[in-house]
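Undergrad: coords please:
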Amino acid sequence: MTEASALNTSNGTAGVYADDDGIYHSVTRSGTGTIATFDPTGAVSSTAASLNDGGTIAGYYTDSSQVEHGYMRTAAGKITSFDPKGSTDTVALGINNSGTITGHWVDSNYIDHGFIRTP
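TA: Just a heads-up that it's a prediction; the model follows:
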């Protein structure tokens, strides 16, 4: 299974694919066809959810404790993980061209909150 969830103006895509064991991994394809697969450090599964015109990806991953974390991956491949203060799960879903990331997080009372992360 491969799924593209984001498309930018250079025809780059980002999304997810499942390996032979059914584990999800992040994937990106440039507008020229170069494909890169990746997982943030500590991930047992990951999803690239959004892609801006500069090639920066926002997504989320699950660690070995089944906790979700947000991440940002630059076009050069540098990955930064993040969680809002008080989060027990973080899901980054969108990124705009200025690098602002949106998504939601869950607190210890299982209440869902939205977030905006500025660059």
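
Undergrad: Kindly check the end-to-end length of stretch 95-104 for me.
TA: Taking CA to CA, to the nearest Å, stretch 95-104 runs 13 Å from one end to the other.

Undergrad: which residues touch the residue positioned nearest the centre of the chain?
TA: Centroid-nearest residue in the chain, with CA atoms, centre = their mean: residue 59, separated by 1.0 Å. Counting by CB atoms under 8 Å, 6 or more residues apart in numbering, residue 59 makes contact with 14, 26, 46-50, 70-71, 73, 92. For every residue, glycine as well, the C-beta is placed using N, CA and C.

Undergrad: Farthest pair within these?
TA: Checked with CB to CB, the contacts of residue 59 reach their widest spread between 14 and 70, with 14.4 Å between them.

Undergrad: Quick check: the residue nearest to the centre of the chain vs residue 109, distance?
TA: In this view, residue 59 and residue 109 are 25 Å apart by CB to CB, to the nearest Å.

Undergrad: which secondary element of the chain has the worst mean pLDDT?
TA: Across the helices and strands of the chain, mean confidence by mean pLDDT, DSSP states H and E is lowest for strand 2-7: a mean of 95.

Undergrad: Show me what the next helix-or-strand element following it is in contact with.
TA: Going down the chain from strand 2-7, the next helix or strand is strand 13-18, by DSSP states H and E. Strand 13-18 has contacts (CB under 8 Å, 6+ apart) with 1-7, 24-29, 37, 46-51, 57, 59.
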